[in-house]
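# pasted the sequence and its predicted model underneath.
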Amino acid sequence: TLSFDVDAVRADFPLLETEIDGHPLVYLDSGATSQKPRAVLDAERDFLERANSAVHRGAHTLAAEATELFEDARVTVAEFVGAEPEQLVWTSGATAGLNLIAGALGYAALGRGGADARALAPREGDEIVVTEAEHHANLIPWQELAGRTGARLRHIPVHDDGTLDMRAAADLIGERTKIVAFPHVSNVLGIVNPVAKLVTLARGVGALTVLDACQSAPHLALDLPASGVDLAVFSGHKVYGPYGLGALWGREEILAALPPFTTGGSMITTVTLDEAEYLPPPQRFEAGTQPVSQAVALAAAVRWLGAHDLAAAHAHEAALERRLREGLRSIDGIRLLGDTDAAERVALQAFAVDGVHAHDVGQFLDSRGVAVRVGHHCAQPLHRRFGLTASVRASAAIHTTEAEVDTFLDAVSGVRGFFGVTTAGVGA
Ligand code: PMP
């Protein structure tokens with residue numbers, strides 16, 4: 001039977017035993033990258049010690065074993081998002097996945113991949129719609145695609161409380177819309193966006209939907225095929241897995257239509273000096289030597305997650321979310337980003353402290369052992385929309401305790417006093 005016990009969970013993470021300057025580490029930067037349970041470290045090491053070998057080539061025993069482990073990992077990670085392995089493409093991360101999609105569509109616009117591909121690509125006068133709350137990884141590739149094709153990039157604004165302006169979305173998404181790309185959960189606002197509603201709007205006009213699932217994959221159960229989106233990406237290092245590996249999921253007919261973005265070895269059937277024929281997806285999109293040990297380790301990460309009662313873990317994280325947000329709300333001179341009860345949120349909260357720069361807040365918290373992220377979190381337009389250049393972000397994980405949130409809140413209440421800021425509104 002599955003269970004959830006946060007202390008048992010913590011015991012799986014060697015790094016959580018770290019002390020910072022005599023303080024126990026309070027790691028509240030899982031939104032940037034997650035810590036790794038021992039099962040993940042062991043899986044990668046085990047693979048390298050026992051089965052390391054190049055996959056999909058070579059007749060030797062080890063190569064066959066490595067290939068089997070690599071393809072089993074694809075099955076496991078695909079299951080994690082409710083998908084079939086043929087629909088799951090390994091990438092080096094979400095950034096690479098989004099560049100693959102936008103890049104392939106750019107080639108499609110030039111005629112690569114034929115009529116089916118071209119039908120998906122934007123042309124001059126078409127529109128690509130994103131949100132005002134994008135991570136730069138789900139913004140700049142679309143800027144580039146717009147620049148290459150003559151399409152226009154538009155955005156759905158966010159309300160003051162951080163929720164998407166769905167009325168504006170309904171107005172924006174229209175006949176000219178070719179692509180709608182959006183985050184499942186913003187890495188700054190922590191708000192779960194209304195995927196089904198956006199999909200309905202996009203489908204109504206025949207637009208392709210692209211979901212950035214980076215910040216939802218670690219916290220919510222994903223069923224990508226059922227979500228209605230056409231393509232989605234996430235990064236392994238944020239779901240307790242290794243660096244250097246992410247996944248792109250796509251509907252079979254969409255992946256089948258897209259031309260390759262990266263080309264080279266392992267993605268072809270026949271090559272002459274003049275041209276090449278490509279393998280079907282997912283191999284068509286996996287040129288070059290693949291991150292095999294990382295794939296094995298990511299599979300171990302999702303198996304490790306799946307060994308817990310995830311409904312209980314979700315309830316635990318929801319309690320952390322409330323404690324974090326309500327605690328911050330009760331401290332003077334704190335301005336929260338994405339403070340709303342009108343939508344589901346994950347336990348990730350960005351905020352600004354009146355009169356104290358985010359970097360100073362981060363250093364002060366570090367002196368208490370509390371690790372948070374400071375800066376614009378790769379979301380400059382969103383910060384600009386809120387009149388900020390930087391914020392502080394605390395993000396929890398399955399191993400975070402309520403006591404850790406309290407340590408963090410206690411440290412935050414000391415910030416303004418430490419920096420001698422007493423009047424609300426100074427230097428906001
Ligand atoms: N999108 C979102 C919402 C993110 O939080 C991140 C990681 N900060 C990315 C995309 C990019 O992920 P990666 O850097 O792992 O490619």
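Cool, got the structure. Numbers count the residues shown, from 1 in each chain.
# got the contact list for Ile179?
Going by C-beta atoms under 8 Å, 6 or more residues apart in numbering, Ile179 touches Leu105, Pro122, Ile128, Val129, Trp142, Leu145, Ala207, Leu208, Thr209, Val210. Every C-beta, even on glycine, is put in place using the N, C-alpha and C of the backbone.
# so of the residues you listed, which ones are in helices?
Leu105, Trp142, Leu145 (DSSP state H).
# still on that earlier bit, show me how to select, in PyMOL, the buried members of the contacts of Ile179.
The buried residues among the contacts of Ile179 can be selected in PyMOL (16 or more other C-beta atoms under 10 Å) with this line:
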select buried, resi 105+122+128+129+142+145+207+208+209+210
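# quick revisit: list just the nearest of the ones in helices among the contacts of Ile179 to the ligand.
Lowest distance from the ligand to the ones in helices among the contacts of Ile179 (C-beta to the nearest ligand atom) belongs to Trp142, with 12.7 Å.
# so the closest one sits against Thr131, correct?
No: judged on C-beta atoms under 8 Å, Trp142 makes no contact with Thr131 at a distance of 11.0 Å.
# name the nearest of the contacts of Ile179 relative to the ligand.
Closest to the ligand, out of all of the contacts of Ile179 and judged by C-beta to the nearest ligand atom, is Val210, at 11.4 Å.
# skipping its backbone neighbours, what lies nearest that closest one in space?
Excluding its sequence neighbours, the residue lying closest to Val210 (C-beta to C-beta, 6 or more residues apart in numbering) is Ala181, at 4.0 Å.
# element containing the one you found, please.
Ala181 is part of strand 177-183, with elements assigned from DSSP states H and E.
# for His308, see how far away the residue lying closest to Asp72 once chain neighbours are set aside is.
Using C-beta to C-beta, 6+ apart and skipping the chain neighbours, the partner closest in space to Asp72 is Ala299 (6.8 Å). The gap separating Ala299 from His308 is 16 Å, by C-beta to C-beta, to the nearest Å.
# neighbour-wise, which of those two wins?
With neighbours defined as other C-beta atoms under 10 Å, Ala299 and His308 compare such that Ala299 has more, 25 against 18.
# for the stretch 201-350 of the chain, just list every one of the helices.
With DSSP state H, counting those that start in this stretch as the criterion, the stretch 201-350 of the chain has helices at 224-227, 252-257, 292-306, 310-329.
# indicate which one of those is closest to Glu79.
Closest of the helices of the stretch 201-350 of the chain to Glu79 is helix 292-306, at 7.9 Å (criterion: C-beta to C-beta).
# what's the closest one packed up against?
Here helix 292-306 touches helix 38-50, helix 61-80, going by 3 or more C-beta pairs under 8 Å, 6 or more residues apart in numbering; DSSP states H and E.
# touching the longest one from outside, list them.
Helix 61-80 is contacted from outside by 47, 51-57, 84-85, 87-88, 90, 222, 247, 249, 282, 290, 292, 295-296, 298-299, 302-303, 305-306, using C-beta under 8 Å, 6+ apart.
# now do the shortest one
Residues from elsewhere that reach helix 38-50, judged by C-beta under 8 Å, 6+ apart: 12-14, 66, 69, 240-242, 292-294, 296-301, 303-304.
# go with 10 Å
11-15, 34, 36-37, 52-53, 62, 65-66, 69-70, 73, 236, 239-242, 292-305, 307 (C-beta atoms under 10 Å, 6 or more residues apart in numbering).
# okay if I get the contacts of Ile179 as CSV plus pLDDT and distance to His376?
Listed next are the contacts of Ile179 as CSV, based on pLDDT from 0 to 100; distance: C-beta to C-beta, whole Å:
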residue, pLDDT, distance to His376
Leu105, 98, 27
Pro122, 98, 28
Ile128, 99, 22
Val129, 99, 22
Trp142, 99, 18
Leu145, 98, 23
Ala207, 98, 29
Leu208, 98, 28
Thr209, 99, 26
Val210, 99, 22
